[in-house]
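A.B. asks: Here is my input, please return the structure:
(one chain, ligands or ions: 1)
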Amino acid sequence: MHITGRNSAQHRSVLLPLRTMTIQEEAQAISDQFEVSPAQVKESVREFRRLMKLGLEETGHAMTMIPSYVTHVPKGSEKGTYLAIDLGGTNIRVCSVTLDGEKGFKIQQEKAAVSRELMTTDDPSKLFHFIATRIKKCVVEKLDAKGEYKLGFTFSFPVNQTGPAEGTLLRWTKGFDIPAAVGHDVCGMLQTELDKMGVKVRVAALVNDTVGTLMARSYVSNGNGSLVGAIYGTGTNGAYLEKMTNIKKLGNEAQHENMVINTEWGSFDNALTTIGNTPFDVALDKLTPNPGNQMFEKRVSGMFLGELLRQCLLTLSTNAPGLGGAGLFSGQTLTQLNQPWSLDTSVLSMMEGDNAEDMAVTSTIIQKELGLTTSVPERGAIKQIVRAIGRRAARLAAVPMAAIVISSAAERTDVSIDIGVDGSVVEYYPNFIAMMRESLRDALDRRAEEVNIEIATDGSGVGAALCALVA
Ligand code: GLC
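C.D. replies: This is a model prediction of the structure:
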């Protein structure tokens, strides 16, 4: 079923002009639309593999397959002290990371807020000067200030990477808006400010958070090296180790055997041929600044699951026009529910984990977040929808993993089928990994048992330091 329209109220009236079902039956009907069948998982995996190949062959595809210029993954024996910084949101984090060479490490770190002013300044050097100041402070206070250090720069914005520590900013996201920086080399801008201040730090690696996650996991894993690093947090994306001979778009740059590829899988299947499209997804997409883009991310990652729930609840509520009888939240004012983005993904995590018969936690959350009271049967209906949204996210989340495992299996004997994952959704959403595994089994059958999935913490610290080391 594919219905387009401006909002879910409209979809609702197209679907059911009169309330003919109970709230429970409607919740079931909504939930059914989020179902991802085993056949659909398999089909999605095939499509993912097709787009991987395409992105490795040519530039300009939505699933970009960005070469990271990291040519091998760590095996745990790496040693030394490195600096790492993480700029991805409203904070900048500066860490010094000491790797002990036996899969262990020590981190000292400090966070500082990036002011609104710096996020939107006309002069990019002001932002990079600020970052350099924080790095200098870390070197002076925590390290031997006479030493020279390499730095891994985790920069979680889209860049066109052209070398290990070289990449031009394609566009800002997440509230940053410094137009004069677009098209410029972010490492170069930072290095200039460090040099001006006389800080003996060399920006040695430009790192996507997923590449950092792969490196961090690989360092602590079983010593064979890992295959995939994946983020399921505010956004979703993954990086993996690819054979150079498959990265056709690099042409004769291929002097190494392997390279880590940042897939940018958030844009997997923007054409929506396999990942499904409910009326709720359609309504959500229209509310975003990038409609038609990052379509996989919009079904899987934390930034969007809360809004998907809100779209479903709107449809279930009395607010939907054309309803004959009483809907969810009957007779109450829906001011907050009518507010786009008013529900956070943590709300779904908490409801999913509420197993009490009276669902008291769910009741409190709905009261607090939406100012609405609910009966136990209403809460049951809401929870059913929460489950459906979370389950779809997890089942889809396994698709890229399965695709990469299948594509790599024949060619890879040098690394383990070991996957490091990080991010709020995979860490805090109840049973996310278990649901992902179920879907992996649909895709890989018995081979799914060979896939090891572990939470990999601190890709932007340890991972970035490791990138600086191997660069
Ligand atoms: C978004 C970004 C990607 C990042 C991911 C996870 O998808 O485009 O670069 O890795 O979020 O943070």
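A.B. asks: OK, contacts around Ile406?
C.D. replies: By CB atoms under 8 Å, 6 or more residues apart in numbering, the residues touching Ile406 are 45, 49, 443-444. Backbone N, C-alpha and C define where each C-beta goes, glycine included.
A.B. asks: try Val260
C.D. replies: Here Val260 is in contact with 68, 70-71, 73, 211, 214, 239-242 (CB under 8 Å, 6+ apart).
A.B. asks: Then it would be within a strand, right?
C.D. replies: Yes. Under DSSP: H, G, I helix; E, B strand; the rest coil, Val260 sits within a strand.
A.B. asks: tell me the pLDDT at it?
C.D. replies: The score at Val260 is 95. That number is its pLDDT.
A.B. asks: I'd like the distance between it and Ser267.
C.D. replies: In this view, Val260 and Ser267 are 18 Å apart by CB to CB, to the nearest Å.
A.B. asks: What of Lys298?
C.D. replies: Counting by CB to CB - Lys298 and Ser267 are separated by 10 Å.
A.B. asks: just Ser330 next, same as before
C.D. replies: The value you get for Ser330 to Ser267, if CB to CB is used, is 40 Å.
A.B. asks: ok, those two, which is more surrounded?
C.D. replies: Ser267 (21 against 13; other CB atoms under 10 Å).
A.B. asks: quick one: contacts for the residue nearest to the more buried one when sequence neighbours are not counted?
C.D. replies: Of all residues not flanking Ser267 in the chain, Ala62 sits nearest, at 4.1 Å (CB to CB, 6 or more residues apart in numbering). Counting by CB under 8 Å, 6+ apart, Ala62 touches 267, 270, 293.
A.B. asks: could I have the helix or strand hosting Thr154 exported to CSV, CA atoms only?
C.D. replies: Per DSSP states H and E, Thr154 falls inside strand 149-155. Extracted in CSV, the C-alpha atoms of strand 149-155 (Å, rounded to 0.1, in the frame of the first residue of the first chain):
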residue,chain,number,x,y,z
TYR,A,149,51.9,14.3,18.7
LYS,A,150,49.8,12.9,15.9
LEU,A,151,46.1,13.7,16.0
GLY,A,152,43.1,11.8,14.7
PHE,A,153,40.3,14.2,13.8
THR,A,154,36.8,12.6,14.0
PHE,A,155,34.7,15.0,11.9
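A.B. asks: Would you reformat the contacts of Ala62 as a markdown table and include distance to Gly167 and secondary structure?
C.D. replies: Formatted as a markdown table, these follow (distance: CB to CB, whole Å; DSSP: H, G, I helix; E, B strand; the rest coil):
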| residue | distance to Gly167 | secondary structure |
| --- | --- | --- |
| Ser267 | 18 | helix |
| Asn270 | 23 | coil |
| Asn293 | 20 | coil |
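A.B. asks: could you measure the residue in the stretch 151-300 of the chain positioned nearest to the ligand against Gly302, distance?
C.D. replies: In the stretch 151-300 of the chain, no residue comes nearer to the ligand than Gly235, which is 2.5 Å away by CB to the nearest ligand atom. Distance, Gly235 to Gly302, using CB to CB: 8 Å.
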